[in-house]
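>>> give me coordinates for this.
(one chain, ligands or ions: 1)
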Amino acid sequence: MRVFQIGAAGGVGARLAGILHARGDESSGMHRNPAQADAVRATGATPVPGDLIADSVGELAEKMRGHDAVVFSAGAHGTGVDQTTLIDGKGLEKSADAAVLAGISRFILVSAFPESERDAGLGAGYEHYMRVKKQADVYLARTNLDWLIVRPGMLSNDPGDGFVAAGPAIEYGVVRRDNVAAFLGAALQEPQLNRAIVELTDGDLPVRDAVAGLLRQGRKHL
Ligand SMILES: NC(=O)c1ccc[n+]([C@@H]2O[C@H](COP(=O)([O-])OP(=O)(O)OC[C@H]3O[C@@H](n4cnc5c(N)ncnc54)[C@H](OP(=O)(O)O)[C@@H]3O)[C@@H](O)[C@H]2O)c1
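Numbering: from 1, shown residues only. A predicted model of the protein is given here:
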C-alpha cells in the first residue's frame, strides 16, 4: 500500500510512518519545513515538500497521485486563529479536493472530540479551533470519498500499549499518540471501515479487535 501523509513530521504522523515502514508499506510524508526532510526520511517515509497554505489543489493532487490512501494529521497547533482556519480548515478542504482530483478514494482525517476540553476555559481561540475541526469533518463527510474521521481524545506522548476504546460515541479521555497511530495503521488495512466517524481513547481492547468490532457494527447497519 502507498500512503500519502499530510502532517508527516508531526507527533501522530511520524509514529504512523514508522508503523507503515515496519510492515513494508510505502509512505510519502508531506512536510512544509525543508529542515524536516531528514526527520521524515528517518521514519522510513519519502519526504515530499508541500504546504497546505501555499499549494493549490492541483499542486497537492500532483503530489498525491499514485498513492492508495491519504492520511491527514496536520494542524496549526495553537499558532493562531488565522492559521487554524488555513491549515485545519481550508487545508483539509484543499486536501480532500486534491484526493478527488488525484483519483484517491481512501481518506483518513485525524479530527478531535467535539467536547474536548470544553470546560477548561481555554478561550476564543480554542473555541475557534473546535468549530474549524467540526466544519472540516462536515466538509469531508459531504464528499464521495471513502472517508474515515478519527476523533482522538487528549493526545499524550506516553508510550503506546496498543489498547484503545473506539466507537461512534464514547466517553472523552486521553489517548496516546502511539495508540492513535496504531489505530490509523490498522484502519488503513480495512478499507470497508469507511464513511464512519470513530471516537478514540486509550482503553482495554487491542487495536485490531477495536477495528474488527467497528466493522461488525457497520455491517449491522447495512
Ligand atoms: N493535542 C491534542 O490533544 C489533540 C487532540 C485531538 C486532536 N488533535 C489533532 O490531532 C492532529 C495530529 O496531532 P499531532 O500531535 O500529530 O500534531 P502536530 O505534532 O502539531 O503535527 C501537525 C503537523 O502538521 C504540520 N503542518 C502544519 N501546517 C502545515 C502546512 N501548512 N502544510 C503542511 N503541513 C503542515 C506541522 O508542521 P510544522 O512543524 O511545519 O508546523 C506538523 O508536522 C492535529 O490535527 C490536532 O489538531 C490534537
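>>> can you report phi and psi for the residue in the chain positioned nearest to the ligand?
Taking CB to the nearest ligand atom as the measure, the chain has residue 10 as its residue closest to the ligand, at 2.0 Å. Heads up, the C-betas are built off the backbone N, CA and C, glycines and all. Main-chain dihedrals, residue 10, degrees, to the nearest 10: phi -80, psi -180.
>>> and the chain, which of its residues are near the ligand?
7, 9-13, 30, 32-33, 50-53, 73-75, 77, 87-88, 91, 110, 112, 152, 154-155 (CB under 6 Å from any ligand atom).
>>> narrow those residues to those that are buried.
Buried members of the residues of the chain next to the ligand, counted by 16 or more other CB atoms under 10 Å: 7, 9-13, 30, 32, 50, 52, 73-75, 87-88, 91, 110, 112, 152, 155.
>>> among the residues you listed, which are located in helices?
11, 12, 13 (DSSP state H).
>>> any idea which of these is the one closest to residue 101?
Distance to residue 101, by CB to CB, is smallest for residue 13 among these, at 22.1 Å.
>>> that closest one reaches residue 4, doesn't it?
No - using CB atoms under 8 Å, residue 13 is not in contact with residue 4; the gap is 11.1 Å.
>>> can you show me the strands along this structure?
Here the chain has its strands, by DSSP state E, at 2-6, 26-31, 46-49, 69-72, 106-110, 146-152, 154-156, 163-167, 174-176, 196-202, 205-206.
>>> helices or strands next to the one helix or strand in the chain whose mean pLDDT sits lowest in the packing?
Lowest on mean pLDDT, DSSP states H and E among the helices and strands of the chain sits helix 207-220, with a mean of 90. Secondary structure elements in contact with helix 207-220, counted by 3 or more CB pairs under 8 Å, 6 or more residues apart in numbering; DSSP states H and E, are strand 163-167, helix 177-188, strand 196-202.
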